[in-house]
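Visitor: no sequence on this one, just coordinates:
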C-alpha cells in the first residue's frame, strides 16, 4: 500500500458555519463537540491511523480557536496552519497554502464531514488510474441536500447535478479528494475560488476520476446532522469492535 508519510494532508476548516451557529455559536464548527471532543479530531485520527505525518489546516473564520485547541502536534501528526485573511473559497484556501505543501499529490478533507475510508485506498486508486483529481463518492438515499455526481463505467466523472428538492438515491461528493499539486498551482492567487463550483467542473474530460465507496458518511453542516454525530460515531466504533478492528 502507498504510504501517506510523504503526502501532505490538507483539512479545510475556514467556513463560517452559518447554519450551525444557532447551536454551536461560540466556536468554529470543526471544533463542535462530538462525544466530548472536537469533530476535527476524528479526521486527524483517520489520517494518523493511515500513517500520515503532515497535516495543513486551512483556517479563516475563528481560526485562532483551532490553533489554540490543537496546537502543533496531535498523535504523531505535525500540524501546520495556513490562515486566510479574507474568504478565499475551498480551492482558494488550498492555493493560499501552496508553499506549505511538500508533495506532488495531496489529500484534501472537508473539515465538517467524515467519510469512513482508509485514505491509503484513495491514493492507490488515484495512482492506478493516473488521475489528475479523484473524488471519494458515497451513495445516499436523498441527494437533494448535496447535489449528485455522475461517472461512467471507467469511473471518469461525467457531470454534476445541483441541489434539488427531488428525493432520490445517488452518489454524492463525500468531501475527501486526492489532487495533483499542479492543478492547485494553476489557480489564481488570493482569489475566491471553489473546488465544487469552479475547479471540479472544469476538470471533466481531463483525467478526473470518481472513487465510489460503500462507506459511512456524515457532515455536521446543519443542526439536524450535527445532532446525529454522536450516534454516528458510536455506531461506527461499535461495528469496528465487533469486527475486531
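Guide: Received, thanks. The shown structure was predicted, so the numbers you read here are calculated from the model rather than taken from an experiment.
Visitor: Kindly check the end-to-end length of stretch 179-188 for me.
Guide: End-to-end distance for stretch 179-188: 17 Å, by CA to CA, to the nearest Å.
Visitor: How about residues contacting that stretch?
Guide: With contact meaning CB atoms under 8 Å, 6 or more residues apart in numbering, stretch 179-188 is reached by 91-92, 94-95, 98, 101, 103-108, 132-134, 193, 199, 203. In short, each C-beta sits where N, CA and C put it, glycine included.
Visitor: Just want the most central residue of the chain.
Guide: With distances taken as CA atoms, centre = their mean, residue 109 lies nearest the centre of the chain, 2.2 Å away.
Visitor: quick one: residue 121 is in a strand?
Guide: No. Under the criterion used here (DSSP: H, G, I helix; E, B strand; the rest coil), residue 121 is helix, not part of a strand.
Visitor: pLDDT score assigned to it?
Guide: As predicted, residue 121 sits at a pLDDT of 96.
Visitor: how far away is it from residue 86?
Guide: In this view, residue 121 and residue 86 are 36 Å apart by CB to CB, to the nearest Å.
Visitor: if we can go back for a sec, chain neighbours aside, what residue packs nearest to the residue nearest to the centre of the chain?
Guide: Closest residue to residue 109 apart from its sequence neighbours, by CB to CB, 6 or more residues apart in numbering: residue 11 at 4.8 Å.
Visitor: helix, strand or coil for that neighbour?
Guide: Following three-state DSSP, we place residue 11 in the strand state.
Visitor: Going forward, count from 30.
Guide: All set: I'll call the first residue 30, so the last point we hit is now residue 40.
Visitor: now the strands: where do they sit in this structure?
Guide: Applying DSSP state E to the chain gives strands spanning 37-42, 62-63, 66-67, 83-88, 102-103, 106-112, 134-139, 142-144, 162-169, 177-180, 186-190, 199-209, 237-242, 246-248.
Visitor: Same list, those strands, but as a markdown table with distance to residue 264 please.
Guide: A markdown table is the format used below for the strands of the chain (distance: least, CB to CB, whole Å):
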| stretch | distance to residue 264 |
| --- | --- |
| strand 37-42 | 23 |
| strand 62-63 | 13 |
| strand 66-67 | 17 |
| strand 83-88 | 26 |
| strand 102-103 | 24 |
| strand 106-112 | 25 |
| strand 134-139 | 21 |
| strand 142-144 | 13 |
| strand 162-169 | 16 |
| strand 177-180 | 25 |
| strand 186-190 | 29 |
| strand 199-209 | 17 |
| strand 237-242 | 17 |
| strand 246-248 | 10 |
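Visitor: can you put these in a markdown table and add mean pLDDT and distance to residue 154?
Guide: Supplementary listing: the strands of the chain in a markdown table, determined by pLDDT from 0 to 100; distance: least, CB to CB, whole Å:
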| stretch | mean pLDDT | distance to residue 154 |
| --- | --- | --- |
| strand 37-42 | 97 | 16 |
| strand 62-63 | 96 | 28 |
| strand 66-67 | 96 | 29 |
| strand 83-88 | 97 | 21 |
| strand 102-103 | 97 | 26 |
| strand 106-112 | 97 | 23 |
| strand 134-139 | 97 | 12 |
| strand 142-144 | 98 | 14 |
| strand 162-169 | 97 | 6 |
| strand 177-180 | 96 | 13 |
| strand 186-190 | 96 | 13 |
| strand 199-209 | 97 | 8 |
| strand 237-242 | 98 | 5 |
| strand 246-248 | 96 | 17 |
